[in-house]
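> Here is a sequence with its predicted model. Questions after.
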Amino acid sequence: LKAVLTISRQEKIETIAYEACKQISEMLGVFTVSFAIVDVKEKYGQLVTEFISEERVTEPKWYQPIYYSGMPFFTKVIENKETIHFHKNDPKNANAPEMEIFKEFIAQQIVLVPVLTREGIFGMLLLCERSPTREFSASDFAFLELLANNIGIIAERTQLLEQSEQRTTELEDLHQLTHTLSSSTNLLEILETAVEGVGKLTSEALCVTVLINDQANDRLQLSYCFQTGRTMNCPINEEAIHQVMLTGENQIIESIDWEDQKSTCVNADKSCSMISLPLKAGRKVLGVVQITSLATAKPSPHSIHNLEMLADQAAMAIENQLLLEKITNQAMTDVLTRLSNRRAFEQALKKEIARTKRNSSEFCLLFIDLDGFKQVNDLFGHPVGDITLQGVAQCFKRATRESDVVTRLGGDEFVILLPDTGVAGGE
C-alpha cells in the first residue's frame, strides 16, 4: 500500500518508474531494479530508469534501445504477459537459450515482471539479484505483480494526461501559427512561419525545407536546421518533391540513404527519416514542405495530421499572398505592353525624388512619343497598332537597365525614369 501510494503521487512516467524501482529495491532488498517501456511493434525496450541499492543510481545506463527479438527471456514475457524468474545456477537451465541474458547483466538471478495496460503490455520491471542463495517467496511475486498492475494503471492515466496536455499545447500553437500566417505580408515571412511551426509540432525534426513553385516555374525556397539554429544546406529529395507536386499526396521515406544526400546539417551516421507534404490550395499544389527527422519509422497519424493542418494553413496564406501580388501587379502594369503604368510611374518618381534629395544624387526622365503612329492605326487597323506598341515596349526594355522604370503613359506616349543619371547620360 505504501509503495502504491508513493508512485500514485507522481506526475511523469520517469518519476513513476523511479519510485517503483526504489520501493521494490528497498522492500525486497534486491540489488538492481530497472524499468523499461516496451515497443511491441518495433520489438525493443527503452530503459527509463534503474535503482541500484548500493549506488542509488537515478540515471539510466542504457542510452540505446534493447532490441529483444533475439532474446528469448524478454520475448517470452512479452508474448505470454507473465512473470518469469530465472536462476543462473539451476542445472535444468544450463542449455536454455535464456542463459544469454546473463551475458548482458551481472546477476545470479533475474526476474521479469510485465507491466500491463488495457491496450496490452506497456513495459516491464527487471530485477537483478547478485546473491545465488536469495529466495523469492510467493508473497514477493504477488507484491511485484500487484505493484506492476498499479504501475500500469497509473502510467496509463499519466500518459493520457500528458497526451491531453500535449495536444492542448499543439492546438494553441496551431491557432497562433494560423493567426501569424494569415497576417503575413510577404511570401518569405510565410515560409519562415511554416518553418517555425514544424519546429513546434515535431520535436524530432532536424531540418526542414519549404519551397514554392510559382507560375513562372521559379522556386522560392527556405531551409532551416534546428540543430544549428540557422538556415543552411539541408538534405532535399527531389524525387519525393516531384511526386508530391505530381500527386498532391504525402511521401514518406522511413530511412534515408545519406550517400544520396548533400548536407552540412546532419551527420551522416545518424539514422533519419523524411516526410514531404503538399502545400495545397484546393486541388492545386503550390509547393512542398520536406522534413528530415531523427525517427527512423513512419510518423504517427497524429503527427502527420498536425503537419497537414500546418501545411493547409500555410498553403492558404501562400495562395492569398500570390493573389494579392497578382492584383497589385495588375494595378501597376499596363495591360497591353506589360510596362509600368501611370500609377506605378508616379510612385516610382516620388521615391526617386526623395532618394535623390537624401543622397544628393540626380536622375533623368526621357519623354517619348511615336511619330506617325496614327497612320499605322488608320492604314492597318488597331490590332496592328497594338502589336507595334508591344514591339516598341520590348525595344525600350532591352535598351534600359534593370533599375530603370519604363512606363507607358497612354496612347503612344512613354516615359523612362533613369536613376543616378544626369542629362549627358540620358542623352
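On my side now, so go ahead.
> so how far does stretch 350-370 reach from one end to the other?
The straight-line separation of the ends of stretch 350-370 (C-alpha to C-alpha, to the nearest Å) is 26 Å.
> what's in contact with it?
Under the contact criterion C-beta atoms under 8 Å, 6 or more residues apart in numbering, stretch 350-370 has outside partners 349, 388, 392, 396, 411-423, 425-426. Every residue, glycine included, has its C-beta placed from N, CA and C.
> ditto for stretch 399-413
334, 336-337, 339-342, 344-345, 348, 367-370, 373, 389, 393, 396-397, 414-420.
> Can you give me the neighbour number for Gln10?
17 (other C-beta atoms under 10 Å).
> what's the answer for Ile387, then?
Neighbours around Ile387, by other C-beta under 10 Å: 13.
> Kindly report the same for Ala331.
Ala331 has 10 nearby residues by other C-beta under 10 Å.
> measure it to Lys397 for me?
Between Ala331 and Lys397 the distance is 20 Å, computed by C-beta to C-beta, to the nearest Å.
> Just the helices from the stretch 1-150 of the chain, written as ranges.
Assigned by DSSP state H, counting those that start in this stretch, the stretch 1-150 of the chain shows helices spanning 2-8, 13-28, 72-80, 138-182.
> Point out the most buried one among these.
helix 13-28 (a mean of 20; mean count of other C-beta atoms under 10 Å).
> nearest spatial neighbour of Leu417, skipping sequence neighbours?
Of all residues beyond its chain neighbours, the one nearest Leu417 is Val405 (4.0 Å), with distances taken as C-beta to C-beta, 6 or more residues apart in numbering.
> Local confidence estimate at the one you found?
With respect to pLDDT, Val405 scores 93.
> and the gap between it and Ala331?
16 Å.
> Low-confidence bits of this structure, can you list those?
For the chain, applying pLDDT under 70 flags the ranges 41-48, 53-71, 93-94, 97-105, 214-219, 226-235, 257-271, 295-298.
> mind listing the strands for it?
32-39, 44-52, 66-67, 84-87, 109-117, 120-129, 205-213, 219-225, 251-253, 273-281, 284-293, 363-369, 405-410, 413-419 (DSSP state E).
> how about the ones you listed, which one is nearest Leu188?
strand 219-225 (7.0 Å; C-beta to C-beta).
> What residues of the closest one count as buried?
Neighbour-count burial for strand 219-225, counted by 16 or more other C-beta atoms under 10 Å, picks out Leu222, Ser223, Tyr224, Cys225.
> Return a selection command, for use in ChimeraX, containing the buried ones of the contacts of stretch 350-370.
This is how ChimeraX selects the buried members of those, with burial counted by 16+ other C-beta under 10 Å:
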select :349,388,392,396,412,414,415,416,417,418,419,421
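> Val33 bridge partners, please.
Beta bridges link Val33 to Phe51, Leu127, judged by DSSP bridges.
> for it, what are its contacts?
So Val33 contacts Ala20, Cys21, Lys22, Ile24, Ser25, Glu50, Phe51, Leu125, Leu126, Leu127, Cys128 (C-beta under 8 Å, 6+ apart).
> what's the distance between it and Pro132?
From Val33 over to Pro132 (counting by C-beta to C-beta), the distance is 18 Å.
> got it, and Ile387?
Taken as C-beta to C-beta, the span from Ile387 to Pro132 is 101 Å.
> And for Arg343?
Taken as C-beta to C-beta, the span from Arg343 to Pro132 is 94 Å.
> what does Val210 give?
61 Å.
> ditto for Leu324
Distance from Leu324 to Pro132, by C-beta to C-beta: 79 Å.
> my read: Ser276 touches Gln290, true?
Yes - at 4.5 Å, Ser276 counts as touching Gln290 under the criterion of C-beta atoms under 8 Å.
> Spit out the residues that contact these two alike.
Asn237, Ala240, Ile241.
> Return the set of buried residues in stretch 359-373.
Buried, per 16+ other C-beta under 10 Å, within stretch 359-373: Phe363, Cys364, Leu366, Phe373.
> Contacts only, for the nearest residue to the second one once chain neighbours are set aside.
Spelled out, it's Cys364. Among residues not flanking Cys364 along the chain, Gly426 sits closest, at 3.5 Å (C-beta to C-beta, 6+ apart). Listed by C-beta under 8 Å, 6+ apart, the contact set of Gly426 reads Cys364, Leu365, Leu366, Leu418.
> got TSV for these, with distance to His85 too?
Below are those laid out as TSV (distance: C-beta to C-beta, whole Å):
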residue	distance to His85
Cys364	96
Leu365	96
Leu366	97
Leu418	92
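> ok, these vs Glu319, which is closest?
Once C-beta to C-beta is applied, the member of the contacts of Gly426 that ends up nearest Glu319 is Leu418, at 37.0 Å.
> how close does the residue nearest to the closest one when sequence neighbours are not counted sit to Arg358?
Using C-beta to C-beta, 6+ apart and skipping residues adjacent in sequence, the residue nearest Leu418 is Cys364, 4.3 Å away. Counting by C-beta to C-beta, the gap from Cys364 to Arg358 is 18 Å.
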